[in-house]
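Engineer: Structure of the sequence below:
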Amino acid sequence: MSYGYRPPQAPHRRASQRTYQVRRLVALAVVLIFGYAAYSGVAALFGSDSTGAAAPITPSTHTVLNDGVTPTTLPPTTTTQPPVKERTVPTPENPAEVLILGDSDAGAFGPYLNTLLDQTGIATTKLDYKTSSGLSRPDFFDWPAHMGEVVPQENPDIVVVTFGGNDAQGLRNLDKTWAVDHEPASGVDDADWKAEYGKRVGAVMDYLTEGNRTLVWVGIPNAESESTTARMAVQDGVVRAEAAKRKDKVHFVDTWARFAGRNGGYAEFVIDPRDQEGKDVRADDGFHLNTTGAEILALDIAEVVKADLRDRGATNI
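Structural biologist: Coordinates of the predicted model:
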């Protein structure tokens with residue numbers, strides 16, 4: 001039956017009062033349905049802070065797969081294991097593909113890392129990051145599941161990954177139950193936290209090195225706050241230990257040492273290797289890196305990636 005259809009009425013016969021009331025209710029329902037549809041259309045058109053995802057950057061040698069504004073939910077796939085990637089000599093015609101994954105720190109150093117690798121002429125980059133995410137809260141953003149989608153799709157030669165200050169907290173499960181209900185360095189024995197977080201980090205490392213891939217794991221810096229630094233130190237120690245177990249496959253970038261002072265503590269200013277001048281490298285929150293700091297970190301990461309390109313047979317880089 002199409003909208004607006006009315007059964008034929010007998011001639012000269014008036015409908016009952018009950019029939020009129022039913023018709024009025026039906027008409028009101030139709031108006032409400034169309035009104036809600038119009039409102040939803042406008043909301044979808046203009047978006048909102050809580051649900052609207054920004055459009056991706058136009059693909060080039062540097063593509064942002066996820067801009068970090070909203071969690072990414074990809075359609076299910078039958079393939080979650082990364083295919084084996086043949087190790088070939090990177091050339092301009094067959095460049096090495098680099099995939100950058102992680103939280104907002106990846107979004108900070110990623111663009112400049114792309115610039116540095118573009119200069120080699122034999123590498124392309126794609127950036128996929130989610131602000132405030134990590135491995136501690138899969139109930140907020142499930143990185144292992146997301147990696148199981150994006151890595152087989154992109155099939156990179158080299159993966160650069162980082163998870164920062166969002167992970168030094170209690171560890172949740174996917175169903176929001178607690179795996180470990182205390183944060184590290186909180187006065188409670190950290191053995192269970194280290195074991196669980198190490199299991200999560202190790203699983204990610206194993207997954208990202210499957211299929212003949214190189215993994216570059218970027219560590220975290222210390223913080224101005226002593227309590228935050230204490231939590232970060234536990235997290236950093238776990239990651240270093242897991243990387244050491246896989247030293248033939250995982251290259252660890254020591255961000256802590258790069259941005260520490262001469263006494264090993266917090267440093268707001270460090271030497272920029274590009275011009276040998278001391279520069280402010282920290283954001284106002286006393287932990288994150290500002291643009292200059294992110295670019296200095298990208299320089300360190302680029303050197304590790306370039307070394308891998310040379311291991312693959314590239315020359316003149």
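Engineer: Please count neighbours and contacts with C-alpha atoms only from this point.
Structural biologist: Will do.
Engineer: Would you map the strands across the stretch 151-300 of the chain?
Structural biologist: Under the criterion DSSP state E, counting those that start in this stretch, the stretch 151-300 of the chain contains strands at 158-162, 171-172, 178-180, 214-218, 250-253, 269-272, 277-280.
Engineer: what about this structure, any weak spots by pLDDT?
Structural biologist: The chain contains residues with pLDDT under 70 at 1-79.
Engineer: Output the strands of the stretch 151-300 of the chain as JSON lines; include the columns distance to Ala241.
Structural biologist: As requested, the strands of the stretch 151-300 of the chain are arranged in JSON lines below (distance: least, C-alpha to C-alpha, whole Å):
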{"stretch": "strand 158-162", "distance to Ala241": "15"}
{"stretch": "strand 171-172", "distance to Ala241": "19"}
{"stretch": "strand 178-180", "distance to Ala241": "20"}
{"stretch": "strand 214-218", "distance to Ala241": "12"}
{"stretch": "strand 250-253", "distance to Ala241": "10"}
{"stretch": "strand 269-272", "distance to Ala241": "27"}
{"stretch": "strand 277-280", "distance to Ala241": "30"}
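Engineer: JSON lines for those, including mean neighbour count and distance to Asp311?
Structural biologist: Putting those into JSON lines (neighbours: other C-alpha atoms under 10 Å; distance: least, C-alpha to C-alpha, whole Å) gives the following:
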{"stretch": "strand 158-162", "mean neighbour count": "23", "distance to Asp311": "12"}
{"stretch": "strand 171-172", "mean neighbour count": "20", "distance to Asp311": "37"}
{"stretch": "strand 178-180", "mean neighbour count": "16", "distance to Asp311": "40"}
{"stretch": "strand 214-218", "mean neighbour count": "24", "distance to Asp311": "11"}
{"stretch": "strand 250-253", "mean neighbour count": "20", "distance to Asp311": "13"}
{"stretch": "strand 269-272", "mean neighbour count": "18", "distance to Asp311": "27"}
{"stretch": "strand 277-280", "mean neighbour count": "13", "distance to Asp311": "32"}
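Engineer: closest one to Ile301 among the ones you listed?
Structural biologist: strand 250-253 (6.7 Å; C-alpha to C-alpha).
Engineer: Name the strands paired with that closest one and say parallel or antiparallel.
Structural biologist: Neighbouring strands of strand 250-253 in its sheet, by DSSP bridges, are strand 214-218 (parallel).
Engineer: Return the partner strand as PDB; C-alpha atoms alone will do.
Structural biologist: Taking C-alpha atoms only, strand 214-218 is exported to PDB below (Å, rounded to 0.1, in the frame of the first residue of the first chain):
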ATOM      1  CA  THR A 214      59.700  -4.200  10.500                       C
ATOM      2  CA  LEU A 215      58.300  -2.600  13.700                       C
ATOM      3  CA  VAL A 216      59.600   0.700  15.100                       C
ATOM      4  CA  TRP A 217      58.200   1.200  18.600                       C
ATOM      5  CA  VAL A 218      58.400   4.800  19.800                       C
END
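Engineer: which residues make contact with that strand from outside it?
Structural biologist: 157-163, 205, 208-209, 249-255, 301, 304-305, 308 (C-alpha atoms under 8 Å, 6 or more residues apart in numbering).
Engineer: Stretch 101-117 now?
Structural biologist: Residues outside stretch 101-117 that contact it (C-alpha under 8 Å, 6+ apart) are 62, 67-68, 100, 123-125, 127-134, 159-164, 288-289, 291, 294-295, 297-299, 301-302.
Engineer: For His146, see how far away the residue lying closest to His251 once chain neighbours are set aside is.
Structural biologist: Closest residue to His251 apart from its sequence neighbours, by C-alpha to C-alpha, 6 or more residues apart in numbering: Val216 at 4.7 Å. Distance, Val216 to His146, by C-alpha to C-alpha, to the nearest Å: 18 Å.
Engineer: and if you look at Glu268?
Structural biologist: Distance from Glu268 to His146, counting by C-alpha to C-alpha: 34 Å.
Engineer: Looking at the two now, which is surrounded by more residues?
Structural biologist: Shown here are Glu268 and His146; by other C-alpha atoms under 10 Å, Glu268 has more neighbours (20 against 15).
Engineer: Look at the residue nearest the centre of the chain and tell me its secondary structure.
Structural biologist: Nearest to the mean C-alpha position of the chain, by C-alpha atoms, centre = their mean, lies Tyr129 at 2.8 Å. Classification of Tyr129 by DSSP: H, G, I helix; E, B strand; the rest coil places it in strand.
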